[in-house]
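Peer 1: no sequence on hand, only this structure:
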């Protein structure tokens, strides 16, 4: 058999291995749509007005509709938030106060799309929210988990009880995917278009997740040790497992996301990440929020709160 034929056969096998649904988690437990409302955690806002009724979230879940991927690039109308990207509904009293925390560096086009889309999306859900963009200012390899820790710290200092840890290149495609915290940490982006809306593996806990501030503090946040590519989400899951906080998922009907196209960066795998992951049990109490440096600044922009860190 010629070398060319061998290469072709190997290529076909590789494509099948990568894209075949059989390689993904074929089944996973999730909360059905009709049971989701009972899983949500509510808290009456300090901004509540006596003349307004409480915002309704159950109807939004049950009347879920799928958003066409083709529409994400279109300009969306939304009410201008307050300074720092803070928004409070004016037609009802919100029962959810969330901080959307986005680790970021050098993706201005994606950031503009994200802000335009998410302000519209979150306002339709009648949430009290603020968007935090955490910009890594140095030239060192990107440290996604550390940036999330910085954003979480600033958000918790501002009194946000619910944290949505969110990559800038992901957008939700279901109107009923309520951006809120539940009784347990939640993996929100379990049906991603780049995985053909399949879950890659059962312990995945990254992309877009919801976790209460109390739970995030209990596990000491995420590890600050993972730079470059990979490992931090698996370590995050291990921390939850250690504290009996195994995350769950809502129905796949509510969990569809699209990934914004972008130039793929060369994967920089750090050899030390395997050692970091093995030491997660011993290290997690000392490595995380408790060991976060204080070299960061906060600036209130028109559409978001900017956290500049290194």
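Peer 2: Great, that's in hand. Every value quoted in this text rests on a predicted model; they were computed, and no experiment measured them.

Peer 1: low-confidence ranges, this structure, go.
Peer 2: 1-26, 229-230, 262-282 (pLDDT under 70).

Peer 1: strands of that one, start to end?
Peer 2: For the chain, strands defined by DSSP state E occupy the ranges 86-87, 97-104, 128-136, 162-166, 170-172, 186-187, 191-192, 208-212, 256-259, 296-300, 305-309.

Peer 1: adding distance to residue 223 and mean neighbour count, write those strands out as a markdown table.
Peer 2: For every residue, glycine as well, the C-beta is placed using N, CA and C. A markdown table is the format used below for these (distance: least, C-beta to C-beta, whole Å; neighbours: other C-beta atoms under 10 Å):
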| stretch | distance to residue 223 | mean neighbour count |
| --- | --- | --- |
| strand 86-87 | 29 | 18 |
| strand 97-104 | 14 | 25 |
| strand 128-136 | 16 | 24 |
| strand 162-166 | 14 | 27 |
| strand 170-172 | 21 | 23 |
| strand 186-187 | 18 | 24 |
| strand 191-192 | 23 | 21 |
| strand 208-212 | 15 | 24 |
| strand 256-259 | 24 | 20 |
| strand 296-300 | 18 | 14 |
| strand 305-309 | 16 | 21 |
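
Peer 1: those strands into TSV, with extra columns for distance to residue 56?
Peer 2: Output for those, formatted as TSV (distance: least, C-beta to C-beta, whole Å):
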stretch	distance to residue 56
strand 86-87	17
strand 97-104	16
strand 128-136	15
strand 162-166	18
strand 170-172	19
strand 186-187	21
strand 191-192	25
strand 208-212	20
strand 256-259	23
strand 296-300	30
strand 305-309	28
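
Peer 1: list the buried residues in stretch 192-210.
Peer 2: For stretch 192-210, burial by neighbour count (16 or more other C-beta atoms under 10 Å) applies to 192, 195, 197-199, 204-210.

Peer 1: and the strands of the chain: which comes nearest residue 248?
Peer 2: Nearest to residue 248, of all these, is strand 186-187, at 6.1 Å by C-beta to C-beta.

Peer 1: tell me which other helices or strands the closest one touches.
Peer 2: With contacts defined as 3 or more C-beta pairs under 8 Å, 6 or more residues apart in numbering; DSSP states H and E, strand 186-187 has these neighbours: strand 208-212.

Peer 1: sorry, back to before: report the two of the buried residues of stretch 192-210 separated the most.
Peer 2: Once C-beta to C-beta is applied, these give 198 and 210 as the farthest pair, at 21.0 Å.

Peer 1: any chance you could map the helices in the stretch 101-250 of the chain?
Peer 2: 108-124, 144-157, 213-218, 232-242 (DSSP state H, counting those that start in this stretch).

Peer 1: from those, which stretch is densest packed?
Peer 2: helix 144-157 (a mean of 23; mean count of other C-beta atoms under 10 Å).

Peer 1: tilt between that helix and strand 162-166?
Peer 2: Calculated by axes from the mean of the first three to the mean of the last three C-alpha atoms, to 10 degrees, helix 144-157 forms an angle of 150 degrees with strand 162-166.

Peer 1: just checking, what packs against helix 144-157?
Peer 2: strand 97-104, strand 128-136, strand 162-166, helix 213-218, helix 232-242, strand 296-300, strand 305-309.

Peer 1: would you pull up how far the last one lies from the middle of the chain?
Peer 2: Taking the mean of its C-alpha atoms, strand 305-309 sits 17 Å from the chain's own mean (C-alpha atoms, centre = their mean, to the nearest Å).

Peer 1: do the same with the second one
Peer 2: Averaging C-alpha coordinates over strand 128-136 and over its chain gives two centres that are 12 Å apart (C-alpha atoms, centre = their mean).
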